[in-house]
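Colleague: Starting from these lines, generate the structure:
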Amino acid sequence: MGQALSGTQFYVFGRKYFTRTGYEKNVKAYKQPVQSSAVIGINGEGADGVDLSGKVIVVTGANSGVGKEIATYAAAKGANLYMLCRSQGRAETARKEIEDITKNENIKVL
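Modeller: As a prediction, this is how the structure comes out:
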């Protein structure tokens, strides 16, 4: 009985918050994107006020796509970034690009 009840709660919560209508209802709370670009630094114009200085961030798949955007954001905010990628060559290329854009030298490829 308990498993059926918790399964029902999970289903109802998911239907309320993780559907298209749930997204459209909750997105109204945001007036505009928090930050227009991942490259904006800690005190840059349009920054979201996040400071990751001294924090260690590990990003998998950081050489392309969403992983690269997250890595760029973390580097721009001053984090110590570790990039985990399948291809060493593409990872080094992405690391250099991110380092050039963000001016953060605390980026390492594992």
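Colleague: Which parts of this protein are strands?
Modeller: Taking DSSP state E, the strands of the chain run over residues 56-60, 80-84, 107-109.
Colleague: Could you single out the most deeply buried of those strands?
Modeller: strand 80-84 (a mean of 21; mean count of other Cβ atoms under 10 Å). Just so you know, the C-beta spots here come from the backbone N, C-alpha and C atoms, and that holds for glycine as well.
Colleague: Give me the sheet partners of that one and which way each runs.
Modeller: strand 56-60 (parallel), strand 107-109 (parallel) (DSSP bridges).
Colleague: hmm, who's touching that strand?
Modeller: With Cβ atoms under 8 Å, 6 or more residues apart in numbering as the test, strand 80-84 has contacts from 54-63, 71, 74-75, 91, 94-95, 98, 104, 106-110.
Colleague: In PDB, list the C-alpha atoms belonging to that strand.
Modeller: Backbone C-alpha positions of strand 80-84 (Å, rounded to 0.1, in the frame of the first residue of the first chain) are rendered in PDB as follows:
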ATOM      1  CA  ASN A  80      38.600  26.000 -10.400                       C
ATOM      2  CA  LEU A  81      37.400  24.000 -13.400                       C
ATOM      3  CA  TYR A  82      38.100  20.300 -14.200                       C
ATOM      4  CA  MET A  83      37.000  19.200 -17.600                       C
ATOM      5  CA  LEU A  84      36.200  15.500 -18.200                       C
END
